[in-house]
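Visitor: Pasting a predicted model and its sequence here:
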Amino acid sequence: MDGDVLVTIEADVDLVRARAEARAVAERLGFSRMDGTLIATAVSELGRNIVVHVGAGEIVVHPEEQDDRCGVIVIARDSGPGIRDVEAALRDGYGTGNGLGLGLPGARRIMDDFEIESGNGSGTTIRAAKWRMRDALEKLRDRR
């Protein structure tokens with residue numbers, strides 16, 4: 001896919017690159033600095049879960065442009081054991097490690113769309129999106 005950025009996540013240092021890439025995609029799409037920071041925070045939370053609970057995975061940042069809106073799609077994937085109880089994992093305070101249990105619920109609150117596919121032994125894929133409406137001038141420029 002054109003414009004996609006893939007970041008392999010194996011350690012905390014990889015989160016720095018993933019955050020920067022997400023912020024750069026958001027900036028290219030005209031998101032505010034605050035929204036770029038929110039997207040980067042969600043990426044950080046998703047990547048941190050990969051590092052802590054699985055050890056390795058990847059984050060894909062995908063720019064999406066549609067007629068009336070544009071968005072940053074974040075896909076976090078791993079091939080770990082899966083999330084045993086997805087519903088519980090999305091509640092504040094639920095955690096299986098030493099954290100506060102705010103990562104997944106926090107990322108879900110930050111983003112506009114949030115989906116989890118996770119199976120016992122088949123890994124986890126999280127797809128999250130942040131959208132912004134395109135204004136009339138942008139649409140006009142794109143048609144030229």
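Guide: The structure has been received and is ready for your questions.
Visitor: Any regions of the protein where pLDDT drops low?
Guide: Low-confidence regions of the chain, defined by pLDDT under 70, span residues 1-2, 93-102, 136-144.
Visitor: From the centroid of it, which residue is nearest?
Guide: Val74 (3.5 Å; Cα atoms, centre = their mean).
Visitor: So that residue is in contact with Arg127, correct?
Guide: Yes. The pair Val74 and Arg127 qualifies as a contact (Cβ atoms under 8 Å) at a distance of 7.4 Å. For the C-beta atoms, the positions are set from N, CA and C on the backbone; glycine is no exception.
Visitor: Show me the strands in this structure, by range?
Guide: 5-9, 57-65, 69-78, 113-118, 124-133 (DSSP state E).
Visitor: Tell me which other helices or strands the last one touches.
Guide: Other helices and strands packing on strand 124-133, by 3 or more Cβ pairs under 8 Å, 6 or more residues apart in numbering; DSSP states H and E, are helix 33-53, strand 69-78, helix 103-110, strand 113-118.
Visitor: Tabulate those (TSV), appending distance to His62.
Guide: Listed next are the helices and strands packed on strand 124-133 as TSV, based on distance: least, Cβ to Cβ, whole Å:
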stretch	distance to His62
helix 33-53	12
strand 69-78	4
helix 103-110	16
strand 113-118	13
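Visitor: Of all these, which one is nearest Val7?
Guide: helix 33-53 (7.9 Å; Cβ to Cβ).
Visitor: what comes into contact with that closest one?
Guide: Helix 33-53 is contacted from outside by 7, 9-12, 14-15, 18-20, 22-23, 26-27, 31, 56-57, 59, 61, 72, 74, 76, 78, 80, 96-97, 99, 102-104, 106-107, 110-111, 126, 128, 130, 132, using Cβ atoms under 8 Å, 6 or more residues apart in numbering.
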